[in-house]
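need a 3D model of the sequence below.
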Amino acid sequence: MTAAPGGPIGGARTCTACGAPIVLVPVNRNVPVRRDERGRRRIPLNPGAFDPASPVPASHALSAGRRECRPVTAADPIAPHEHLALTHFATCPARSHARTGGPLT
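Purely as a prediction, here's the structure:
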């Protein structure tokens, strides 16, 4: 397992819920997920290298060129040539508030 030396390549944006920087990265076409009208599916990832010491486990594997990603599962774990990444859905404070009803931090 490796952490990406830099952030994923994709559309740099800001989360509309919390204002944090995110990067929209295409999901691998072989992964069965809902797609837009052009057949694309992008997921917001936290920019920068994934911190292996994070209490939240990596959710996605970035391709070697960091141009697309796929979910990491027990059946399909991270490969040696891939980079660890974390979806912003897992760390967005606004989404956490919506799930738990707790205060925004």
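
residue 95 should be in a strand, yeah?
No. Counting by DSSP: H, G, I helix; E, B strand; the rest coil, residue 95 falls outside a strand, being helix.

quick one, helices of the protein?
Assigned by DSSP state H, the helices in the chain fall at 93-100.

what ranges do the strands span in it?
Assigned by DSSP state E, the chain shows strands spanning 2-3, 11-14, 21-26, 42-45, 60-62, 69-71, 83-85.

tell me what the longest one is packed against?
The elements that strand 21-26 packs onto, with contact taken as 3 or more CB pairs under 8 Å, 6 or more residues apart in numbering; DSSP states H and E, are strand 11-14, strand 42-45. Bear in mind the C-beta positions are built from the backbone N, C-alpha and C, glycine included.

just the last one next, same as before
For strand 83-85, the packing partners by 3+ CB pairs under 8 Å, 6+ apart come out as strand 2-3, strand 60-62.

regarding stretch 57-77, how distant is the last residue from the first?
End-to-end distance for stretch 57-77, by CA to CA, to the nearest Å: 12 Å.

and if you look at stretch 81-91?
One end of stretch 81-91 sits 25 Å from the other (CA to CA).
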